[in-house]
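In: Structure here, sequence nowhere to be found:
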């Protein structure tokens, strides 16, 4: 006989930041919320620990948070009341070219413009013009980005601000490759490389449709709000979300991996954990796990429309990742001292080099010269390491693969360190400790990072909006009534901003409304029949 572990209004599977956001919003609405987390710790990819040497704090996964800082979702939770504080590095971002020239993004637009101007006369003013355009539309654009698809209110506000001609041109910009967008906005290589490096935080190529919007978004957010870090580590975001949830009566069970979503008459009624306990949900089940895991493993193909199962065969993961943290005895000895004040440093390639790197990844090859994304955590937050030292991290992408050998990971780490040594001679002599997390280690610490993929699925245009995670409504709702996808596999995708979790909570609340909930469910069921028939 099955034993019931607990009963709640909502069962949330996964205590990643999206699951915790969803749980908080439901608790705000008065729901009794229970979160089931497979690992021993909350936070998913938003966690910190001393893994290199005593006194050196590393962010184990994500580290800098322009989207989180700007997100209306996280801002609305008022996490500053639960101990979250932010800090900025002197410079937001540096893109270091192979010849040691650097273009710098600073929160003072004039200083960014001056850096860009050194690469081509007039590009400084062109940067200021592009930033003015961004400021004109950033409010409604961000509101539209972090709300359920279609973003009616934010979209209408954006259309009113842009008018017809501007809306058409914005639609074009959203599908441009970053190489093309950079060439249209600027004359020299500085600003385009800066934005292209931002685009390559995803798995897209500078020449791929849709990469322009990512590079433009992250660069302009950096100009507007910076790329701040939580004082005391990324873990502070998670700690604040957990404290807020507990204050509202929410409960979290750790080391409780879920192996089945319980479904009765096509309605989600709870979850079963691997130890056989049943966790009953009176009103909803929300899953902060990748879409293939939810649909194929936790629900099962037999309970889903055949066309949805077929579509999941074409689901594409983003690239694998290898990440390295170092404890350094002193600051990074950059050959170009301008880079010393940047919280984030992109290095190893100019724009053509970024294209070669991304092209190799798309062919399933390891790039000979890796593009490296590095973070100087102590520059941004001196509490991360002893005075006069540095807690440094870097990562590079790999072709997606579920299994990598230790030898292959070791070779990639050596290639990353070679890039750093060329840009900062003597870097290796400062290393006092090192921690390597390849795809296997990343997935072991956070099972949602399948194969070391960080984004919950590709950022390519064919898997965005109503095509995320597969062709459908682009919403958190699933063909199973009262079951909602709350992970980065859902719109609006990867990044620490809480959008998927918030959208899932909104959908659960809409389904549960006394007067309109049944009509909502009927409309969704009809839409799903039309899509998956």
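Out: All right, it came through fine. Bear in mind the structure is a predicted one, so any value in this text is a computation, not a measurement. Numbering: from 1, shown residues only.

In: From here on, just use CA atoms for contacts and neighbour counts.
Out: Will do.

In: Do you have the strands of the stretch 201-350 of the chain handy? List them.
Out: Assigned by DSSP state E, counting those that start in this stretch, the strands in the stretch 201-350 of the chain fall at 229-230, 251-253, 258-264, 267-273, 278-287, 320-328, 342-347.

In: Nearest to residue 8, out of those?
Out: strand 278-287 (5.2 Å; CA to CA).

In: Any buried residues in the closest one, and which?
Out: The neighbour-count check on strand 278-287 (16 or more other CA atoms under 10 Å) flags 278, 279, 280, 281, 283, 284, 285, 286, 287 as buried.

In: just stretch 137-152 next, same as before
Out: Buried, per 16+ other CA under 10 Å, within stretch 137-152: 138, 140, 141, 142, 143, 144, 145, 146, 147, 148, 149, 151.

In: Not counting its neighbours along the chain, what's nearest the last one?
Out: Spelled out, that is residue 151. Nearest residue to residue 151, sequence neighbours excluded (CA to CA, 6 or more residues apart in numbering): residue 144, at 5.1 Å.

In: ok, back up a step: how about the strands of the stretch 201-350 of the chain, which one is nearest residue 186?
Out: Using CA to CA, the strands of the stretch 201-350 of the chain put strand 342-347 closest to residue 186, at 19.5 Å.

In: picking that back up, including distance to residue 33, could the buried residues of strand 278-287 go into JSON lines?
Out: Formatted as JSON lines, those follow (distance: CA to CA, whole Å):
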{"residue": "278", "distance to residue 33": "15"}
{"residue": "279", "distance to residue 33": "11"}
{"residue": "280", "distance to residue 33": "11"}
{"residue": "281", "distance to residue 33": "9"}
{"residue": "283", "distance to residue 33": "10"}
{"residue": "284", "distance to residue 33": "10"}
{"residue": "285", "distance to residue 33": "10"}
{"residue": "286", "distance to residue 33": "10"}
{"residue": "287", "distance to residue 33": "13"}
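
In: For the helix or strand bottoming out on mean pLDDT in the chain, name the packing helices and strands.
Out: The helix or strand of the chain with the lowest confidence, counting by mean pLDDT, DSSP states H and E, is helix 152-175 at a mean of 80. Contacts defined by 3 or more CA pairs under 8 Å, 6 or more residues apart in numbering; DSSP states H and E place helix 152-175 against helix 123-145, helix 211-225.

In: now the end-to-end length of stretch 146-153.
Out: Between the start and the finish of stretch 146-153 there is a gap of 11 Å, counting by CA to CA, to the nearest Å.

In: Same check on stretch 58-67?
Out: End-to-end distance for stretch 58-67, by CA to CA: 20 Å.

In: what about that stretch, average pLDDT?
Out: Regarding stretch 58-67, the rounded mean pLDDT is 95.

In: So what's the gap between that stretch and the chain middle?
Out: Here the centre of stretch 58-67 is set off from its chain's centre by 9 Å, with CA atoms, centre = their mean, to the nearest Å.

In: Please apply the same query to stretch 30-38.
Out: Using CA atoms, centre = their mean, the offset of stretch 30-38 from its chain centre is 23 Å.

In: can you give me the helices in the stretch 301-450 of the chain?
Out: 306-312, 351-362, 377-380, 406-423, 439-445 (DSSP state H, counting those that start in this stretch).

In: And the contacts of the last one?
Out: Outside helix 439-445, the residues that touch it by CA atoms under 8 Å, 6 or more residues apart in numbering are 39, 44, 61, 320-322, 402-404, 449-453.

In: Make a PyMOL selection of whichever of those turn out to be buried.
Out: Buried residues within the contacts of helix 439-445, by 16+ other CA under 10 Å, are selected in PyMOL with:
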select buried, resi 39+44+61+320+321+322+449+450+451+452+453
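
In: Out of the contacts of helix 439-445, which is nearest to residue 271?
Out: residue 39 (16.3 Å).

In: Now for the closest residue to that closest one other than its chain neighbours, how many residues are close by?
Out: Sequence neighbours aside, residue 255 is the residue nearest to residue 39 in space, at 4.8 Å (criterion: CA to CA, 6+ apart). Residue 255 has 14 neighbouring residues, counting by other CA atoms under 10 Å.

In: Now residue 255, what are its backbone angles?
Out: For residue 255, the backbone dihedrals (degrees, to the nearest 10) come out as phi 50, psi 40.

In: okay, it: pLDDT?
Out: In this model, residue 255 carries a pLDDT of 97.

In: contacting residues around it?
Out: 37, 38, 39, 40.

In: Quick one, which of those are buried?
Out: In the contacts of residue 255, burial by neighbour count holds for 37, 38, 39, counting by 16+ other CA under 10 Å.

In: distance of the second one from residue 277?
Out: I take that to be residue 38. 14 Å.

In: Repeat that for the first one.
Out: Residue 37 sits at a distance of 14 Å from residue 277 (criterion: CA to CA).

In: likewise the last one?
Out: For residue 39, the distance to residue 277 under the criterion CA to CA works out to 16 Å.

In: With distance to residue 352 and secondary structure added, can I get the contacts of residue 255 in a markdown table?
Out: Output for those, formatted as a markdown table (distance: CA to CA, whole Å; DSSP: H, G, I helix; E, B strand; the rest coil):
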| residue | distance to residue 352 | secondary structure |
| --- | --- | --- |
| 37 | 43 | coil |
| 38 | 42 | coil |
| 39 | 41 | coil |
| 40 | 43 | coil |
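
In: any idea which of those is closest to residue 129?
Out: For these, the nearest to residue 129 is residue 37 (46.5 Å; CA to CA).

In: Against residue 329, how distant is that closest one?
Out: Separation of residue 37 from residue 329 (CA to CA) stands at 37 Å.

In: do the same with residue 222
Out: The value you get for residue 222 to residue 329, if CA to CA is used, is 29 Å.

In: Which residue of the two possesses the greater neighbour count?
Out: residue 222 (23 against 19).

In: what's the burial count for residue 55?
Out: When neighbours are defined as other CA under 10 Å, residue 55 has 15 of them.

In: Excluding chain neighbours, what is closest to residue 333?
Out: Going by CA to CA, 6+ apart, residue 333 has residue 424 as its nearest residue, at 4.9 Å.

In: May I have the phi/psi pair for the one you found?
Out: According to degrees, to the nearest 10, residue 424 has phi -140, psi 80.

In: can you give me the helices for the stretch 1-150 of the chain?
Out: Using DSSP H, counting those that start in this stretch, helices in the stretch 1-150 of the chain cover 17-28, 66-70, 72-76, 109-117, 123-145.

In: Residue 498 is nearest to which of the ones you listed?
Out: Comparing the helices of the stretch 1-150 of the chain under CA to CA, the one sitting nearest is helix 17-28, at 5.1 Å.

In: before we move on, back to that, list of residues touching the least confident helix or strand of the chain?
Out: By CA under 8 Å, 6+ apart, helix 152-175 touches 136-137, 140-141, 143-144, 181, 209-213, 461.

In: What of stretch 461-476?
Out: 148-150, 175, 209-210, 291, 308, 311-312, 315-316, 457, 484-486, 489-493, 500, 503-504, 507, 528, 531.

In: What's the end-to-end length of it?
Out: 18 Å.

In: coming back round to it: most neighbours per residue, which of the helices and strands packed on helix 152-175?
Out: Scoring the helices and strands packed on helix 152-175 by mean neighbour count under mean count of other CA atoms under 10 Å gives helix 211-225 as the most buried, with a mean of 23.

In: helices or strands up against that one?
Out: helix 66-70, strand 91-96, strand 102-105, helix 123-145, helix 152-175, helix 178-185, helix 190-199.

In: coming back round to it: who touches the residue nearest to residue 151 in this structure?
Out: 151, 152, 153, 154, 155.

In: Next, count neighbours for residue 230.
Out: Residues lying near residue 230 (other CA under 10 Å) number 21.

In: The nearest residue to it once chain neighbours are set aside and residue 304, how far apart?
Out: Nearest residue to residue 230, sequence neighbours excluded (CA to CA, 6+ apart): residue 86, at 4.5 Å. Applying CA to CA, the value for residue 86 to residue 304 is 43 Å.
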